[in-house]
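Novice: the following comprises the amino acid sequence and a computationally predicted model.
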Amino acid sequence: FKTLEVPALRGRTLTADDDRRGCGSPPAVISYAFWQREYAGGPDILGRMISLEGHPFEIVGITPPGFTGIDVGRQFDVAVPLCSEALIHGELSLIDLRNGYWLAAVGRLKPGVTIEQADAEMAALSTGILEATTPPQYDAEAQKHYLRYKFGTFPAATGFSNLRRLYETPLWILLAIAALVLLIACANIAILLLARAGVRGREIAVRLSLGASSGRLVRQLLVESLLIGVAGAVLGAVLAQWVSRFLVAFIATSAPDVFVDLHPDWLVLTFTVGIALLTTILFGLAPAFRATRIAPAAALKSAGRNLAGGREHFSLRRGLVVSQVAFSLVLLVGAILFVRSLKNILSVDAGFHTAGIMEADLDFRQLKILAPQRQGYKLNLIDRLRALPGVEGVADASVVPLSGYGWQENVILAGATKRADVAPLFT
């Protein structure tokens, strides 16, 4: 919290003094959302105890509403010192596991130090750190591979995010689709504005004949176009908020929920307003200037004919129509390909029967079962579950298929003199 310069809304945040190896009852800091959701924002929250995996933690502070952590896509409820990891996980603790990689370090650069300089310093420190931390269970080849790693320095202002790496390409595709839809909408509005200006040509001619200035008519048409553009931008912003929440709720799973901050982004809103103003000014002023340049007498003589039907006007409208059809064709073909891909994914054989399956995560730590007795207890539980009416089969697995988790080990055939350079056999 000190490094990130995040103050406490109430109480205090965690400090280095709270993180001592072997801590018995460490303090905890809860998030603002958790405080509101679970404690109804009660003012007597400080000093109360919260139980994590059966261990008591004293609540010493609450973080501000805007702080949701540094892991993009997830938000935290309770923050505890690192020393509590051994207390919570017990014999499954990772804190002293030499070949377990589960921590990320966050630092703040000193004034005048660039990220390139910090990266070079971290690379220079890598050799000594890796030599001192090489897992003893690694063989010679694995140790050699381990020592080739280098520590690096990366910008962390936007937090850590696997979502960005996984969904960067799909999001760029969606952004391109949204841009095409926006261009189609702009072209459609431009065509309508041009047609509207052409229909109102006689009206404009009458106004000019009665003494109205060209500037006044241009301002009138511009205001009308701005009203359309601003109304569309406001409606689009409101729909974007509603549709965004619906889509995130639609794709979110039960555990863990994907957390995305859907508050209005001023950069996006500024872009939306800028596009709306540019579209209305460009396609609102063009027909206005065109209409006011025609002599009133010529306009009155044209009677029912389209005043703004000149060759250049017709060429602009034809170009807009061609562009609109071209963009629409690209979107249509893309949509067909997306639907076909989705159909193929839904029809892929998973390799097992997907109906009637229930998966449950079991934690035996609270039962205090001794290690030699655990396997017998699990086998007895499996036999009891198999005996239940309607149960066809029961299995025990450490990694459930299609769960998003994996575990890989190297399989070396008897007689092999070296490890084969192939993909892992099991993931």
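Specialist: Noted; the coordinates are in hand.

Novice: now do the contacts for the nearest residue to residue 79 once chain neighbours are set aside.
Specialist: The shortest distance from residue 79 to any residue other than its chain neighbours is 4.6 Å, reached at residue 29 (CB to CB, 6 or more residues apart in numbering). Glycine gets a C-beta too; all of them are placed from N, C-alpha and C. By CB atoms under 8 Å, 6 or more residues apart in numbering, the residues touching residue 29 are 1, 8, 11, 13-14, 59-63, 78-80.

Novice: and those, which is closest to residue 389?
Specialist: residue 78 (40.7 Å; CB to CB).

Novice: my read: residue 86 touches residue 95, true?
Specialist: Yes. At 5.2 Å, residue 86 and residue 95 qualify as touching, with contact defined as CB atoms under 8 Å.

Novice: show me where this protein has its strands.
Specialist: Listed in chain order, the strands of the chain (DSSP state E) span residues 10-11, 27-30, 49-52, 55-62, 78-79.

Novice: output those strands as CSV; include the columns mean pLDDT.
Specialist: Listed next are the strands of the chain as CSV, based on pLDDT from 0 to 100:
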stretch, mean pLDDT
strand 10-11, 94
strand 27-30, 96
strand 49-52, 92
strand 55-62, 94
strand 78-79, 95
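
Novice: which of these sits most buried?
Specialist: strand 27-30 (a mean of 23; mean count of other CB atoms under 10 Å).

Novice: and that one, which strands flank it?
Specialist: In the sheet, strand 27-30 lines up against strand 55-62 (parallel), strand 78-79 (antiparallel) (DSSP bridges).

Novice: for the strands of the chain, which one sits closest to residue 195?
Specialist: Residue 195 sits nearest to strand 55-62 of all the strands of the chain, at 58.7 Å, using CB to CB.

Novice: okay, the closest one in CSV with CA atoms only?
Specialist: What follows is the C-alpha trace of strand 55-62 in CSV, where atoms were taken according to Å, rounded to 0.1, in the frame of the first residue of the first chain:
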residue,chain,number,x,y,z
HIS,A,55,-8.0,-18.5,11.3
PRO,A,56,-8.9,-15.2,12.9
PHE,A,57,-7.7,-11.9,11.5
GLU,A,58,-8.3,-8.5,13.0
ILE,A,59,-9.7,-5.8,10.6
VAL,A,60,-7.5,-2.8,10.9
GLY,A,61,-8.4,-0.8,7.8
ILE,A,62,-10.6,-0.2,4.7
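
Novice: residues making contact with that strand?
Specialist: With CB under 8 Å, 6+ apart as the test, strand 55-62 has contacts from 8-14, 25-32, 35, 45-51, 78, 80, 84, 87-88.

Novice: the same query, at a cut-off of 7 Å, please.
Specialist: Outside of strand 55-62, the residues that reach it under the criterion CB atoms under 7 Å, 6 or more residues apart in numbering are 8-13, 25-30, 32, 35, 45-50, 80, 87-88.

Novice: one more: stretch 270-284?
Specialist: With CB under 7 Å, 6+ apart as the contact definition, stretch 270-284 has outside contacts at 182, 186, 189-190, 193, 221-222, 225-226, 228-230, 232-233, 236-237.

Novice: switch to 6 Å and redo it
Specialist: Stretch 270-284 is contacted from outside by 186, 190, 193, 222, 225, 226, 229, 233, using CB atoms under 6 Å, 6 or more residues apart in numbering.

Novice: same deal with stretch 330-349?
Specialist: For stretch 330-349, contacts defined as CB under 6 Å, 6+ apart pick out residue 180.

Novice: how about 10 Å then?
Specialist: Taking CB atoms under 10 Å, 6 or more residues apart in numbering as the criterion, the residues outside stretch 330-349 that touch it are 173, 176, 177, 180, 181, 184.

Novice: format those as CSV; extra columns: neighbour count and pLDDT.
Specialist: What follows is those, written out as CSV (neighbours: other CB atoms under 10 Å; pLDDT from 0 to 100):
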residue, neighbour count, pLDDT
173, 12, 85
176, 12, 84
177, 15, 83
180, 16, 80
181, 13, 81
184, 18, 80
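
Novice: closest to residue 67 among the residues you listed?
Specialist: Comparing the contacts of stretch 330-349 against residue 67 with CB to CB picks out residue 173 as the nearest, at 31.7 Å.

Novice: can you give me the helices for the chain?
Specialist: Counting by DSSP state H, one finds helices in the chain at the ranges 32-39, 84-89, 115-133, 140-147, 162-199, 201-209, 214-251, 266-292, 296-302, 311-346, 371-386.

Novice: relative to residue 415, which of those is closest?
Specialist: Closest approach to residue 415 among the helices of the chain is made by helix 140-147 (16.9 Å; CB to CB).

Novice: could you check the angle helix 115-133 makes with the closest one?
Specialist: Between the axes of helix 140-147 and helix 115-133, defined by axes from the mean of the first three to the mean of the last three CA atoms, to 10 degrees, the angle is 150 degrees.

Novice: quick one: which of residue 86 and residue 95 has more around it?
Specialist: Of the pair residue 86 and residue 95, residue 86 is the one with more neighbours under other CB atoms under 10 Å, namely 17 against 14.
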